[in-house]
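K.L.:
sequence and predicted model, in that order:
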Amino acid sequence: MHRIEDYALIGDMQTAALVATDGSIDWLCLPHFDSAACFAALLGTRDHGRWQIAPAEPVTAVRRRYRPASLVLETEFTTASGVIRLTDCMPPRQGAPDLVRVIEGVEGDVAVEIELILRFDYGSIVPWVRTIDGVLRAVAGPDAVALWTPVPLHGVDLTTRGSFRVRAGEQVPFVMLWHPSHIDPPGAPDWADAVRDTEAWWQEWASQCTADGPWRDIVLRSAITLKALTFTPTGGIVAAATTSLPEMIGGVRNWDYRYCWLRDATFTLYALMTCGFYSEATAWRDWLLRAVAGDPRQLQIMYGARGERRLLEIELPWLPGYEQSRPVRIGNAAVNQFQLDVVGEVMDALHVARRNARVTDDDAWALQTAMLGSLEERWREPDEGIWEVRGPRRHFTHSKVMAWVAFDRGIKAVERFGLPGPVDHWRTIRQTIHDEVCQRGFDSARQTFTQSYGSPELDASLLMIPLVGFLPARDPRALGTVAAIEQDLMVSGCVLRYRTASDGRVDGLPPGEGVFLACSFWLADNYVLQGRHEEARRLFDRLVGLANDVGLLAEEYDPREKRLLGNFPQAFSHVSLINTAHNLSRARGPAADRQDT
């Protein structure tokens, strides 16, 4: 089975697929992010679906890249007989999604094999496959795919196979298109036009990027990744394209990340706007408003890409899991958790949009004031916190800090934009929360804030205290917290979220996970605010060096095994990379900007 870092992402802003270094697509969601998977081998075995196009003889070298400023992937295979290039893309379209694969001869004369194992509903359903008028057709329930290619294909043991030779200068296309099974597929798109149009579309989009400096290339690649994780019809940005890739190999921390988390909102807005992508930032803000609309007491921490609220978590026992990491889950039970910090994230995101993008909306402000009214009633309650622990609720320090942020941004909306609101009352609540956090969340003996009131544990979410403006970065309490995290949570130069415990007392789960990449970027942001620029640069370079050969990051990293962990590619990791790059390369980056809101 491939390592997570062996994969590259292709997508059309409605669907996504992961392509391995051996030319195998092992994960493809159709017809959109929250639908059943057509291929699911990344979560199980080859029996649960894959589509490989590769040389029929031993490969001596593999080289791959994205075409500049695009999501068109090229993989070159070198064999004793020559060199071939596999080009993969998913053209951005408004209609049915299609996937284009083209084999091109570069040198010599190479034998190539295709193996296609079509499975629907997360690898559980074998479709009815037949050839009609030269087109391979596969149907299972509501889903169907059609495959056009000049290569003769035949079935063997519920697998579609084919073989052919390609010489230098020759091109052999494969075009797969999803369609509802009750509707005949449209005609095949012209594959050459599809590749050219895809490359041109991405390059035109990328031309808006205003990022500069020494990290422009990796920042642009991260921005393209965020765009690929966007569901264009609504503007929602999912956390990752996958589900159940483990935070520890063989462990149970396997979650479905194909949803939109509210707490990512502010970071995402900064990342998009600082790169010059204001229309995407506006679309994300509009998605946010639609998703949270209604009774503020029913606010969820996450929603579907269309704003769906019912995200029932179930386990798929027929899938053995990535490297035997069970269970495989779809849906996410954390949707029902009470997480106090979310109101702060929404208030902060809308404040950033109002200030930086000059977005005004009376209806949005009415919703915000209602949210503050609900928060006033609940901020003293314990919650499950930013990391969505599946243990008992606690008074998490970060959650209380974000409650402070919510009222702080409400106050600033009144002060700076003249919006109506009981600002004196909010100032009183803001001060009360601040005093409580500094009294109950701070360990004066150790000179650090702690994960929750009265707890000895540390937590990387405490790095947010200066980043959101709760305390200045050079306040002794903020400095002490950073120092404590450096001492207790750093592993191989990166940051753990917290120390998991064998008895499950910290988060209700068995111990073990990798270092958390977003938290590691937050530490670099703190270094910038403290004036420790050289340390920030070294840490940033170390984190960028963890990206795979095409510039993609997962959620976590295992420094012992030197491999990526968790769902992939992870939006939060790429958002954090963009923001830290701007913090380092600009006189006033997102960290300083957010601190002085």
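P.N.:
Now that the structure is in, tell me what you want to look at.
K.L.:
can you give me the helices for this structure?
P.N.:
191-206, 216-228, 265-274, 278-292, 341-356, 362-378, 397-417, 423-440, 464-467, 476-488, 517-530, 533-544, 571-585, 590-595 (DSSP state H).
K.L.:
make a markdown table from those helices and add mean pLDDT to it.
P.N.:
Listed next are those as a markdown table, based on pLDDT from 0 to 100:
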| stretch | mean pLDDT |
| --- | --- |
| helix 191-206 | 97 |
| helix 216-228 | 97 |
| helix 265-274 | 88 |
| helix 278-292 | 90 |
| helix 341-356 | 89 |
| helix 362-378 | 92 |
| helix 397-417 | 96 |
| helix 423-440 | 98 |
| helix 464-467 | 97 |
| helix 476-488 | 98 |
| helix 517-530 | 97 |
| helix 533-544 | 97 |
| helix 571-585 | 96 |
| helix 590-595 | 74 |
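K.L.:
can I get the ones you listed in CSV with mean neighbour count and distance to Ala240?
P.N.:
Where C-beta positions appear, they are placed from N, C-alpha and C, glycine not excepted. Below are the helices of the chain laid out as CSV (neighbours: other CB atoms under 10 Å; distance: least, CB to CB, whole Å):
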stretch, mean neighbour count, distance to Ala240
helix 191-206, 17, 20
helix 216-228, 22, 10
helix 265-274, 26, 13
helix 278-292, 21, 16
helix 341-356, 24, 18
helix 362-378, 16, 27
helix 397-417, 23, 22
helix 423-440, 16, 31
helix 464-467, 24, 21
helix 476-488, 18, 25
helix 517-530, 25, 12
helix 533-544, 18, 18
helix 571-585, 27, 6
helix 590-595, 21, 22
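K.L.:
quick one: which of the ones you listed is nearest Ile114?
P.N.:
In terms of CB to CB, the element of the helices of the chain nearest to Ile114 is helix 191-206, at 15.1 Å.
K.L.:
against which helices or strands is the closest one packed?
P.N.:
For helix 191-206, the elements it packs on are strand 82-89, strand 98-117, strand 171-180, helix 216-228, judged by 3 or more CB pairs under 8 Å, 6 or more residues apart in numbering; DSSP states H and E.
K.L.:
now tabulate these in a markdown table and tack on distance to Gly321.
P.N.:
Listed next are these as a markdown table, based on distance: least, CB to CB, whole Å:
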| stretch | distance to Gly321 |
| --- | --- |
| strand 82-89 | 26 |
| strand 98-117 | 18 |
| strand 171-180 | 26 |
| helix 216-228 | 25 |
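K.L.:
the domain parsing of this protein - what is it?
P.N.:
For the chain, the structural domains run 4-182+189-205, 208-416+423-595, going by automatic domain parsing.
K.L.:
ok, back up a step: which one of the helices and strands packed on helix 191-206 lies nearest to Val437?
P.N.:
From these, taking CB to CB, the stretch that ends up closest is helix 216-228, at 31.8 Å.
K.L.:
could you check the angle helix 265-274 makes with that closest one?
P.N.:
Orientation check (axes from the mean of the first three to the mean of the last three CA atoms, to 10 degrees): helix 216-228 against helix 265-274 gives 120 degrees.
K.L.:
quick one: helix 216-228 to chain centroid distance?
P.N.:
Put simply, helix 216-228 sits 12 Å off its chain's centre (CA atoms, centre = their mean, to the nearest Å).
K.L.:
tell me which other helices or strands that helix touches.
P.N.:
Applying 3+ CB pairs under 8 Å, 6+ apart, we find helix 216-228 packed against strand 7-11, helix 191-206, helix 265-274, helix 571-585.
K.L.:
how about a cut-off of 10 Å?
P.N.:
Applying 3 or more CB pairs under 10 Å, 6 or more residues apart in numbering; DSSP states H and E, one finds that helix 216-228 contacts strand 7-11, helix 191-206, strand 236-237, helix 265-274, helix 278-292, helix 533-544, helix 571-585.
K.L.:
now those as JSON lines including distance to Leu220?
P.N.:
Output for these, formatted as JSON lines (distance: least, CB to CB, whole Å):
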{"stretch": "strand 7-11", "distance to Leu220": "15"}
{"stretch": "helix 191-206", "distance to Leu220": "6"}
{"stretch": "strand 236-237", "distance to Leu220": "17"}
{"stretch": "helix 265-274", "distance to Leu220": "12"}
{"stretch": "helix 278-292", "distance to Leu220": "14"}
{"stretch": "helix 533-544", "distance to Leu220": "13"}
{"stretch": "helix 571-585", "distance to Leu220": "9"}
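K.L.:
nearest to Val156, of those?
P.N.:
With distances scored as CB to CB, the stretch of these nearest to Val156 is helix 191-206 (25.8 Å).
K.L.:
can you give me the strands for the stretch 1-150 of the chain?
P.N.:
Applying DSSP state E, counting those that start in this stretch to the stretch 1-150 of the chain gives strands spanning 7-11, 16-20, 24-29, 37-39, 50-55, 59-66, 73-79, 82-89, 98-117, 128-132, 135-140, 143-148.
K.L.:
out of the ones you listed, which gets nearest to Gln570?
P.N.:
So among these, strand 7-11 is nearest, using CB to CB, at 10.9 Å.
K.L.:
gap between the closest one and the chain center?
P.N.:
Distance, centroid of strand 7-11 to centroid of chain: 12 Å (CA atoms, centre = their mean).
K.L.:
could you find the closest non-adjacent residue to Ala138?
P.N.:
Closest residue to Ala138 apart from its sequence neighbours, by CB to CB, 6 or more residues apart in numbering: Pro127 at 4.2 Å.
K.L.:
OK, contacts around the one you found?
P.N.:
By CB atoms under 10 Å, 6 or more residues apart in numbering, the contact list for Pro127 reads 38, 118-121, 137-141, 143-145, 158, 181.
K.L.:
switch to 7 Å and redo it
P.N.:
Leu118, Phe120, Ala138, Val139, Ala140 (CB atoms under 7 Å, 6 or more residues apart in numbering).
K.L.:
next one: Ala334
P.N.:
Ala334 neighbours (CB under 7 Å, 6+ apart): Ile301, Glu388.
K.L.:
any idea how far it lies from Thr242?
P.N.:
For Ala334, the distance to Thr242 equals 17 Å [CB to CB, to the nearest Å].
K.L.:
looks like Arg440 contacts Ser455 (just checking).
P.N.:
No - counting by CB atoms under 7 Å, Arg440 does not reach Ser455; the two are 10.4 Å apart.
K.L.:
distance of Arg85 relative to Val100?
P.N.:
From Arg85 to Val100 the distance is 14 Å (CB to CB).
K.L.:
between those two, who's got more neighbours?
P.N.:
Neighbour count, other CB atoms under 10 Å: between Arg85 and Val100, Val100 has more, with 26 against 18.
K.L.:
and the more buried one, bridged to which residues?
P.N.:
Cys89, Val175 (DSSP bridges).
K.L.:
closest to Ala8 out of the helices of the chain?
P.N.:
Judged by CB to CB, the one of the helices of the chain that comes nearest to Ala8 is helix 216-228, at 10.4 Å.
K.L.:
right, I'll call it a day here.
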